[in-house]
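# Let me see the structure of the following:
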Amino acid sequence: MARDKKNILITGVTSTVGRHLAKHLYGDSRVGLILGVAKEDLPYYFKDLDKERFIFRECDILKERELKNLFFSKMFKQAKINAVVHLAFYNQPVKGENVHNLNVEGTKSLLDKCLEVGDVTKFVFKSSDVVYRLKPTNPIYLDENAELNFDPNADQWIRDRVGADMICRSYMDNPRVNIVILRFSSIYGRDVTSQFNAYFDSKIIFKTLGFNPLINLVHMSDVIKALGLSVFKNVRGVFNIGGKDIAPITTLAEISGGLTVSLPQPLMGPVNWLQRMLGLTKYYYSVDADRQKYMCLLDTRKAQKILGYEPEGHLQL
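Numbers count the residues shown, from 1 in each chain. This next block holds a predicted model:
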């Protein structure tokens, strides 16, 4: 493949974001080759792609031998991979050492290999707005320098995302690789696994009594746009990525067709646990206890100015 084209490794390519991104980049003439890796077998939706332009490899990035075999394989060298988009992350707030290892240690191992292999010049990490610490004294919009949530009592899913985010930032001064961290608002769309997607999919939507914060959701099409801009633009740094529409919880619940019920804060956790045990929701209140009370609206001016990012997707819950 020509060196002036982007030859891209996508981890977690079988995720919903990974699938959409791979299809999007596959149709871009600036892309020479896409190497998609995941722990699963080759899924059916990739089987119609040209094997000269899309290569799939089963790889567990937590296993040093598998990661080394991938990066130092003849195929990898011939592909001249020069950009990496890291999407391999647990999408649901499940707990455990294996989850933490993939989320945090897997990110570090992948970055180390990218720095070890000379051709990689761009590393894009898909982060989240859950890394920010929410409190009543926050400004309406949080920029990229806002305080992160280092609370040791925070849900593991939050702590893992903060940890992975910080690992990427610790490598950002390396002159050989441009590292880009994209902190997305909660993603919504068809077949998307996200907190607020699950929340507004519930038939009964429980919210914290006395609070009705504004929520910003980002459409899948805007997620793919932001990731694509990060791959092709000669930039590095941290960028907030938000959606076009903002509305309070009650308005979004009404749009989604759910019944809104307000509960005192001490009941929110137990009721949510009961909902999940009965299979009535996939939403985890423990992750969003603060977002149920305080706004988490992202200041996206930096992404607009440097990346040229402008959201277009409208709410269609």
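# Kindly provide the distance from residue 26 to residue 267.
Plainly put, residue 26 is 48 Å away from residue 267 if you go by C-beta to C-beta, to the nearest Å. Heads up, the C-betas are built off the backbone N, CA and C, glycines and all.
# Residue 67 now?
Between residue 67 and residue 267 the distance, using C-beta to C-beta, works out to 45 Å.
# out of these two, which sits in the busier spot?
In this view residue 67 and residue 267 are compared by other C-beta atoms under 10 Å, and residue 67 has more residues nearby, 19 against 12.
# Excluding chain neighbours, give the residue nearest to the more buried one in space.
The shortest distance from residue 67 to any residue that is not its chain neighbour, by C-beta to C-beta, 6 or more residues apart in numbering, is 5.3 Å, and that residue is residue 61.
# Verify the contact between the one you found and residue 71 for me.
No. Here residue 61 does not reach residue 71: they are 10.2 Å apart, not a contact under C-beta atoms under 8 Å.
# neighbour-wise, which of the two wins?
Here residue 61 and residue 71 are compared on neighbour count by other C-beta under 10 Å; more neighbours surround residue 61, at 22 against 19.
# Let me see the contact set for the residue of the chain positioned farthest from its centre.
Distance from the C-alpha centroid of the chain, by C-alpha atoms, centre = their mean, peaks at residue 264 (30.8 Å). Counting by C-beta atoms under 8 Å, 6 or more residues apart in numbering, residue 264 touches 208, 209.
# what are the phi and psi values for it?
The phi and psi torsions at residue 264 (degrees, to the nearest 10) take the values phi -60, psi 150.
# What separation is there between it and residue 291?
Distance from residue 264 to residue 291, by C-beta to C-beta: 17 Å.
# cool, residue 269 as well?
Taking C-beta to C-beta as the criterion, residue 269 is separated from residue 291 by 14 Å.
# Give me the more crowded residue out of the two.
residue 291 (23 against 14).
# give the contact list for the more buried one.
Residue 291 sits next to 130, 134, 213, 215 when contact means C-beta under 8 Å, 6+ apart.
# May I ask which two of those residues are separated the most?
Set against one another by C-beta to C-beta, those have their most distant pair in 130 and 213, with a gap of 14.4 Å.
# neighbour-wise, which of those two wins?
With other C-beta under 10 Å as the criterion, residue 130 and residue 213 differ in neighbour count, and residue 130 comes out ahead with 28 against 17.
# wait, that one sits on residue 149?
Yes. The criterion here is C-beta under 8 Å, and residue 130 meets it with residue 149 at 7.5 Å.
# Determine the residues that are contacts of both of the two.
Counting by C-beta under 8 Å, 6+ apart, the shared contacts of residue 130 and residue 149 are residue 158.
# Walking through the stretch 151-300 of the chain, point out its helices one by one.
With DSSP state H, counting those that start in this stretch, the ranges of helices along the stretch 151-300 of the chain come out as 156-170, 195-201, 220-232, 249-256, 265-277, 285-288.
# Look up how far residue 122 lies from residue 158.
For residue 158, the distance to residue 122 - C-beta to C-beta - is 27 Å.
# how many neighbours does residue 276 have?
Residue 276 sits with 15 neighbouring residues when counted by other C-beta under 10 Å.
# Tell me the pLDDT of it.
At residue 276, the model reports a pLDDT of 92.
# Show me what counts as buried in stretch 62-80.
Within stretch 62-80, the residues that qualify as buried by neighbour count (16 or more other C-beta atoms under 10 Å) are 62, 66, 67, 70, 71, 76, 79.
# and for that stretch, what are the contacting residues?
By C-beta under 8 Å, 6+ apart, the list of residues contacting stretch 62-80 reads 1, 3, 7, 32-33, 35, 37, 55, 57, 59-61, 101-102, 105-106, 109-110, 113, 116-117, 119.
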